[in-house]
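Engineer: with the sequence up front, the predicted model follows.
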Amino acid sequence: MIRQDFRTIADWVPVGAKVLDLGCGDGNLLKHLQDTKQTHAYGVELSDANVLACVQNGVNVIQRDLEAGLAEFANDSFDYVVLSQTLQAMHHTEAILREMLRVAHAGIVTFPNFGYWKNRLQVIRGHMPVSADIPYQWYDTPNVHLCTMHDFEALCAKLDIRICERVVMTAGKRVHFMQNLTGSLAVYRFERN
Amino acid sequence: MQSASSTQNMVVAAQTAHFDIPLTLKSGAVLDSYDLVYETYGTLNADASNAILVCHALSGNHHVAGVYAPDDKKPGWWDNMVGAGKPIDTDRFFVIGLNNLGGCHGSTGPKSINPATGHAYGAAFPLVTVEDWVASQARLADRLGIRQFAAIMGGSLGGMQVLHWSIAHPERVRHCLVIAAAPKLTAQNIAFNDVARQAILTDPDFHGGDYYQHDTYPRRGLRLARMLGHITYLSDDVMGSKFGRILRQGGFNYGYDVDFEIESYLRYQGDKFADSFDANTYLLMTKALDYFDPTHTDPEAGLSAALAPAQAAFLVISFTTDWRFAPERSREIVKALLDNGQQVSYAEIVSKHGHDAFLMLDAHYHALVRAYMERVSG
């Protein structure tokens, strides 16, 4: 079963594209892209267990800390750079977005939408939200920079990033109405302005 | 081709291949004929597509894995990596280890008899380079009927040979495993090598390299060279945790005999090595290390251009506390391959063992190699 956001990403990535997947986890997205789109792809991952999983998955992986940037990767060397469900766990948020658009003309980002109504409800009730897309307790979470869709779009405007397309989903199904309230996961495709 | 059987304690035997076609070396010197000593493990399949070449480092040799007799206590130098059911699984792969030219374990080298004179080559043995080794390894592959290696692997100086294979014979290697290596040595690294060489060259028993005729041996020099080398192969951390300031006899002796455990350890390592290695080979191997530089002919173009001809997929591995061949140096190789859009994976193994880590048993490191080998055989 392929994650819904992976399907959306795969829809956007053209056949044979050069793709870099940042925080690629076990390499499942890369493998999916390789199998369905014959991409020429690499993943970047920090955890030993995930690097091993990527090698087991037969995908190229480079072990490196994203917080330190993407020094090994040359300008404009990819068609797409993907940052899937990793943005919210990064300390250097602006730096990684800039780095993404340095090594590729276009980027794809997915993140849990903090503005989703169930998250808001939990905050109104006096608690930090815990949900399918934010499955962590506040005291034990890799997430340091949670944001809403409005927040992300404001940052893109500040960094002169043009948002090309946006898909929002809840429990794997697309939502279209009042997305910042009804969507739990946001998927963005963007380019350098 | 059948060789060592796949048992837990694989009993192996070395073989010798003699070559009569002269080999012109990078230096311009010519070796008219030479021997290469090698071992093989596992079985070459019908289409000769499962062969793996293991390239050795500074002090290595052809005895990569297995033992010479059932009661032999000392297995080959990479026995934890190569064997039945091991990461390089000899039940699936046909693995070749050889002693490089200039070595002192059976392949033609400085201590071999020069057919032209009837004496040991000594100082007359030409300097051989990584490029020369690869050329001679390719001839051995021809002899064994191997058109293309499934993989070529090596650590340290061995990794440099792997790099050169990928450039010099791109169509002959499908996968490269480059471990604890560097694209070329830094000034600091060359400096260490030269101190080691000076220790040998200034030993009164060296006799300009012709000590065999004088029935002597520059043992003190080789011992010092190895002691120095050994320091650089360990991390500060591991030396500290293993030896610290522990005293051999519980107190100071107020003299120059062994006070600290580390002194005792290094002297022991130096002695052991000096008894089993040839000083001329040590000189030659360190010089091969210093000379290797794929960008040598066109420094402007850089490493990416040098590696551009490679068709193989790469697995590059480094170790966090290795300061002799630091992770940064492996990342240079990775960057060059990425610049070219070549297939590469890179792992940085957390280890306290410094450069020596590549020879050690480490669950994660070995799991990675094992997983990669699935791709090699698949």
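Structural biologist: Received, thanks.

Engineer: which residues sit in contact with B:Leu361?
Structural biologist: Remark: with contacts taken as CB atoms under 8 Å, 6 or more residues apart in numbering or on different chains, B:Leu361 is in contact with B:Asn80. All C-beta atoms are positioned from the backbone trio N, CA, C, and that covers glycine.

Engineer: just the element for residue 137, please.
Structural biologist: Just going to use chain A. In the assignment (DSSP states H and E), A:Gln137 maps to no helix and no strand.

Engineer: that's the other chain; I wanted chain B
Structural biologist: helix B:130-143.

Engineer: which other helices and strands does the helix or strand A:Leu101 falls within contact?
Structural biologist: Per DSSP H and E, A:Leu101 falls inside helix A:93-103. Under the contact criterion of 3 or more CB pairs under 8 Å, 6 or more residues apart in numbering or on different chains; DSSP states H and E, helix A:93-103 touches strand A:18-22, strand A:78-84, strand A:104-112, helix A:149-158, strand A:185-192.

Engineer: which residue, other than its chain neighbours, is closest to the residue nearest to the spatial centre of chain A?
Structural biologist: Nearest to the geometric centre of chain A sits A:Ser84, at 2.1 Å (CA atoms, centre = their mean). Spatial nearest neighbour of A:Ser84, excluding adjacent residues (CB to CB, 6 or more residues apart in numbering or on different chains): A:Thr110 at 4.6 Å.

Engineer: OK, contacts around the one you found?
Structural biologist: So A:Thr110 contacts A:5, A:9, A:83-85, A:87, A:185-188 (CB under 8 Å, 6+ apart).

Engineer: which one of those sits closest to B:Phe292?
Structural biologist: The shortest approach to B:Phe292 among these belongs to A:Leu83, at 38.0 Å (CB to CB).

Engineer: that closest one: neighbouring residues, count only.
Structural biologist: 24 (other CB atoms under 10 Å in any protein chain shown).

Engineer: how about B:Gly60, what does it touch?
Structural biologist: Contacts of B:Gly60 by CB under 8 Å, 6+ apart are B:77, B:158.

Engineer: for B:His62, that is, sorry about that
Structural biologist: So B:His62 contacts B:14, B:37-39, B:56, B:97-99, B:105-107 (CB under 8 Å, 6+ apart).

Engineer: tell me the secondary structure for the closest residue to chain A within the stretch 101-250 of chain B?
Structural biologist: Taking CB to the nearest CB as the measure, the stretch 101-250 of chain B has B:Leu177 as its residue closest to chain A, at 11.6 Å. Using DSSP: H, G, I helix; E, B strand; the rest coil, the structure places B:Leu177 in strand.

Engineer: quick one, phi psi at the residue nearest to it when sequence neighbours are not counted?
Structural biologist: Counting by CB to CB, 6+ apart, B:Leu177 lies nearest to B:Met153, which is 3.6 Å off, once chain neighbours are set aside. Main-chain torsions, B:Met153, degrees, to the nearest 10: phi -140, psi 150.

Engineer: tell me where chain B has helices.
Structural biologist: Ranges of helices in chain B, per DSSP state H, are B:130-143, B:157-168, B:187-201, B:219-233, B:236-242, B:261-276, B:279-291, B:302-307, B:327-339, B:363-377.

Engineer: so how far is the second one off the chain centroid?
Structural biologist: Here the centre of mass of C-alpha atoms in helix B:157-168, compared against the chain's by CA atoms, centre = their mean, to the nearest Å, lies 11 Å away.

Engineer: give me the helices and strands touching that helix, please.
Structural biologist: strand B:51-55, helix B:130-143, strand B:149-155, strand B:173-179, helix B:279-291, helix B:302-307.

Engineer: elements contacting the fourth one?
Structural biologist: Using 3+ CB pairs under 8 Å, 6+ apart, the elements in contact with strand B:173-179 are strand B:149-155, helix B:157-168, strand B:313-319, helix B:363-377.

Engineer: show the average pLDDT along the first one.
Structural biologist: This means strand B:149-155. Average pLDDT, strand B:149-155: 98.

Engineer: give the pairing partners of it; include direction for each.
Structural biologist: strand B:51-55 (parallel), strand B:173-179 (parallel) (DSSP bridges).

Engineer: name the stretch among the ones you listed that sits most buried.
Structural biologist: Ranked by mean neighbour count, the strands paired with strand B:149-155 are led by strand B:51-55 with a mean of 27 (mean count of other CB atoms under 10 Å in any protein chain shown).

Engineer: now do the end-to-end distance for stretch B:176-184.
Structural biologist: The straight-line separation of the ends of stretch B:176-184 (CA to CA, to the nearest Å) is 17 Å.

Engineer: that one: how far from the chain's middle?
Structural biologist: 11 Å.

Engineer: before we move on, what about stretch B:225-234?
Structural biologist: Here stretch B:225-234 is found 15 Å from its chain centre; the criterion is CA atoms, centre = their mean.

Engineer: list the contacts for residue 63?
Structural biologist: The chain I'm using is chain A. A:44-46, A:48, A:51, B:346-348.

Engineer: looking at chain B here, not the other one
Structural biologist: Counting by CB under 8 Å, 6+ apart, B:His63 has contacts B:12, B:14, B:39, B:76-77, B:97, B:105.

Engineer: quickly note the distance from B:Pro22 to B:Ser33.
Structural biologist: Shown here: B:Pro22 relative to B:Ser33, a distance of 7 Å by CB to CB, to the nearest Å.

Engineer: low-confidence ranges in the stretch 51-200 of chain B?
Structural biologist: For the stretch 51-200 of chain B, no stretch is flagged by pLDDT under 70.

Engineer: hang on, the earlier thing: show the buried residues in the contacts of A:Gln63.
Structural biologist: A:44-45, A:48, A:51, B:346-348 (16 or more other CB atoms under 10 Å in any protein chain shown).

Engineer: now those in a markdown table, with pLDDT?
Structural biologist: Below are these laid out as a markdown table (pLDDT from 0 to 100):
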| residue | pLDDT |
| --- | --- |
| A:Val44 | 97 |
| A:Glu45 | 97 |
| A:Asp48 | 98 |
| A:Val51 | 98 |
| B:Tyr346 | 98 |
| B:Ala347 | 98 |
| B:Glu348 | 98 |
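
Engineer: so which of those is the closest to A:Asp79?
Structural biologist: Closest approach to A:Asp79 among the buried ones among the contacts of A:Gln63 (CB to CB): A:Val44, at 16.0 Å.

Engineer: could you find the closest non-adjacent residue to the spatially most central residue of chain B?
Structural biologist: When CA atoms, centre = their mean is applied to chain B, the residue found nearest the centroid is B:Ala57 (1.2 Å). Leaving aside its sequence neighbours, B:Ala57 sits nearest to B:Ser156 (CB to CB, 6+ apart; 3.9 Å).

Engineer: out of everything not next to it in sequence, what's closest to A:Arg98?
Structural biologist: Leaving aside its sequence neighbours, A:Arg98 sits nearest to A:Leu159 (CB to CB, 6+ apart; 6.7 Å).

Engineer: tell me how far that neighbour lies from B:Gly102.
Structural biologist: Using CB to CB, A:Leu159 is found at 57 Å from B:Gly102.

Engineer: do the same with B:Asp259
Structural biologist: Distance from B:Asp259 to B:Gly102, by CB to CB: 38 Å.

Engineer: residues from chain A in reach of chain B?
Structural biologist: Residues of chain A that fall close to chain B, judged by CB under 8 Å from any CB of the partner chain: A:18, A:40, A:42, A:48, A:51-52, A:54-56, A:58, A:60-64, A:71-74, A:77.

Engineer: from the residues you listed, which land in strands?
Structural biologist: Among the residues of chain A next to chain B, the members falling in strands (DSSP state E) are A:18, A:40, A:42, A:60-63.

Engineer: would CSV of the residues you listed with pLDDT be doable?
Structural biologist: Formatted as CSV, those follow (pLDDT from 0 to 100):
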residue, pLDDT
A:Lys18, 97
A:His40, 97
A:Tyr42, 98
A:Asn60, 98
A:Val61, 98
A:Ile62, 98
A:Gln63, 98
